[in-house]
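**Student:** Structure for the following, please:
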Amino acid sequence: MSENPHHWVAAVAIVNFDLELGQSIEHVEPASFLLTEQERLNICYLAFPDSNSGCSGDTCYHFRIRKEYNVTKERDDISSRDSHFYYGYVFFRQTKGEQFKRGYFQKSFVLLTRKPYINLYSNIVQIMAPQFFESGKVAIEVAMHNFTCWEPIVPGKSYQVPLLGQVLSFHIPSVKDKTQNKTSEFPGHVLAPKPVVLRSIMESDVYNTLRPLLPHIGIIWELVLLSEPIVVFGPSPSATSALVQTLVSLTAPLRYANDYRPYFTIHDSEFQEFTSKTHAPSRIILGVTNPYFNKALQHWPNVIILDSDKDKTLKILNPKEHSSSSLRGKPGFYTRYKPFLHKDKNVKKLLRGDRQRPAEVEDIMLRRYLTELTHTLMIPLEQYISSLMPLQKQLNPFRQPPLLQQFQQDAFITSLNESNLKINTDLKGLRGNWKELYRKFIKSPNFELWFQSKGSEANQRLELLHVQQLCEADLYSWKTDKHEVEIVDMLLWIRDRYDALQRLGNYPDLQDHLKNHIDTLLEVVPTDLQGTLKPAFNL
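**Tutor:** Got it, this is the predicted structure:
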């Protein structure tokens, strides 16, 4: 795929179903957006629900497709791990009528973007697609013009933007946000008409999506945490994409490091890889609807088969009961996984009783519980990482700064005790084999991604402290008994630290200090050498 320079939307594709030709992309906006033949095929199949889904009327869902070309990652963006993928947000319309071949009109509106802002783009598609079906391509052209008027995506920023006569208000999360549902004040000026305010641009209706699995939320949380393979078998792409996306977010603020496909078909180019029985299942979460997967993925260790009744709780069943003799399989949660943590009594508070609570309240309660559960796990790790930081007295402004010490699993496990497992948490009494859970988690891609991020943050912090020390150093006294070669070496060292500081961010005061150091040292070198050095140190 070629990369569209505009960050909000990469492209819009209109996919038509023809009785003789099958699925085909009939229009792409902008026309300059290029697709390989395989990418076109994947999008064509993903743009339509399986015939077995029985979807009629309007159906909305999303998929995730691998790109052939990588793009540059944005700093401080929680979605930067998705730079190898596009998200497709689908609005599928099926209309019955005698004037249509086979008696049906079937067409999909697909919005492609690099951002996993599920709730935001789902709302955008539900504004754009109906107007397209009513007014044609002009609606797409107007919307694309609207997008060019939006300010660039900046994590941590709030927006109030126009789209086809409506106004959307939302907040873009950042890695610095404590939760993905951060609320923020919007710009002081209010556009007319009254804006549609999105509480979160990420997943919505989390509680009802997870409701069939709430009694087993602890097991599900562990499976996602440990990067275990999971397949979600649903009655429609809407059901599978909603649950898969919610599962991926269960361990927030810990980022999910593995691949996932909210909706996946038997026609996908990676079908053979994911269904092969010659190797262990990939660390991936798949959402599927085609009955063929009931047989093709029988060897997978964790299978969730959703009931058509969204409110029905799923029971844990033995995988042996997952028989291919049934076309779809009996609804249930098929797993042999034995959780490390005991079932938490606090989960009962999340289950709806006789009193109906507003959906927003239920979502907040569930998110708070899951966030607290993840924090319970991560606090001892955060404390251990802090102990790996070199002491400030070990920093020498005239030598390379030390790096974070290596993570030692045995040393960390030895450091665990009852008190540091319960610090800053309301989940008192959550018992289980925490040490074995940590041992397995430390081997997972989720831990690897987290530790890489923490290591990078720690080393950047050490580098900044090191520059601050150099800024505070008394080079005026240091230079008095130094030879010319030593002074030139120091100039080169300061220049190196200046370049490092620029990579760390915007620190004008520190940059000025380093410039003053350079000026101080240039004063004492011979005049002829000054003429050679000054152009190289003109910062």
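
**Student:** The stretch 251-400 of the chain: strands as residue ranges?
**Tutor:** Per DSSP state E, counting those that start in this stretch, the stretch 251-400 of the chain has strands spanning 259-261, 284-288, 302-305, 316-317, 332-335. These are given in chain order.

**Student:** Can I get these in TSV including mean neighbour count and mean pLDDT?
**Tutor:** In short, each C-beta sits where N, CA and C put it, glycine included. Listed next are these as TSV, based on neighbours: other CB atoms under 10 Å; pLDDT from 0 to 100:
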stretch	mean neighbour count	mean pLDDT
strand 259-261	21	95
strand 284-288	25	96
strand 302-305	23	94
strand 316-317	16	90
strand 332-335	22	94
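
**Student:** Nearest to Lys482, out of those?
**Tutor:** strand 259-261 (55.9 Å; CB to CB).

**Student:** partners of that closest one in the sheet?
**Tutor:** When pairing is defined by DSSP bridges, strand 259-261 lines up against strand 284-288 (parallel).

**Student:** which residues are in contact with the partner strand?
**Tutor:** Strand 284-288 has contacts (CB atoms under 8 Å, 6 or more residues apart in numbering) with 224, 229-234, 237, 240-241, 243-244, 247-248, 258-265, 274, 297.

**Student:** residue contacts, the nearest residue to Val303 once chain neighbours are set aside?
**Tutor:** Nearest non-adjacent residue to Val303, counting by CB to CB, 6 or more residues apart in numbering: Tyr334, 4.2 Å away. The contact partners of Tyr334, by CB under 8 Å, 6+ apart, come to 302-305, 316-319, 321-322.

**Student:** Likewise for Leu314?
**Tutor:** Applying CB under 8 Å, 6+ apart, the residues near Leu314 are 212-213, 216, 304-307, 331-333.

**Student:** try it again with 6 Å
**Tutor:** Going by CB atoms under 6 Å, 6 or more residues apart in numbering, Leu314 touches 212-213, 332-333.

**Student:** Leu223 versus that one, what's the distance?
**Tutor:** 14 Å (CB to CB, to the nearest Å).

**Student:** Check Thr480 too.
**Tutor:** Computed as CB to CB, the Thr480 to Leu223 distance reads 65 Å.

**Student:** And these two? Which one has more around it.
**Tutor:** Per other CB atoms under 10 Å, whichever of Thr480 and Leu223 has more neighbours is Leu223, with 22 against 7.

**Student:** ok so that one is a strand residue?
**Tutor:** No - assigned with DSSP: H, G, I helix; E, B strand; the rest coil, Leu223 falls outside any strand and is helix.

**Student:** Give me the number of neighbouring residues for the closest residue to Glu273 other than its chain neighbours.
**Tutor:** Ranked by CB to CB, 6+ apart and with sequence neighbours excluded, the top spatial neighbour of Glu273 is Ser282, at 7.2 Å. Using other CB under 10 Å, Ser282 is surrounded by 16 other residues.

**Student:** heads up, I number from 472, so please use that
**Tutor:** All right, first residue 472 from here; so that's Ser753.

**Student:** pLDDT score for Ser753?
**Tutor:** According to the prediction, Ser753 has pLDDT 89.

**Student:** Report the contact partners of Ala610.
**Tutor:** Taking CB under 6 Å, 6+ apart as the criterion, Ala610 is in contact with 602-603.

**Student:** hmm, 7 Å instead?
**Tutor:** 599, 602-603, 635 (CB atoms under 7 Å, 6 or more residues apart in numbering).

**Student:** Check Tyr734 too.
**Tutor:** In this structure, Tyr734 makes contact with 517, 532, 534, 708, 711-712, 758, judged by CB under 7 Å, 6+ apart.

**Student:** measure it to Thr530 for me?
**Tutor:** Taking CB to CB, one finds Tyr734 at 11 Å from Thr530.

**Student:** just Asp881 next, same as before
**Tutor:** 52 Å.

**Student:** Then Leu757?
**Tutor:** Noted for Leu757: a distance of 19 Å to Thr530, by CB to CB.

**Student:** just Arg968 next, same as before
**Tutor:** According to CB to CB, Arg968 and Thr530 sit 57 Å apart.

**Student:** if we can go back for a sec, what bridges to the residue nearest to Val774?
**Tutor:** For Tyr805, the beta-bridge partners under DSSP bridges are Val774, Leu788.

**Student:** Among the contacts of Tyr734, which one sits closest to Arg974?
**Tutor:** Proximity of the contacts of Tyr734 to Arg974 (CB to CB) peaks at Phe534, which lies at 36.5 Å.
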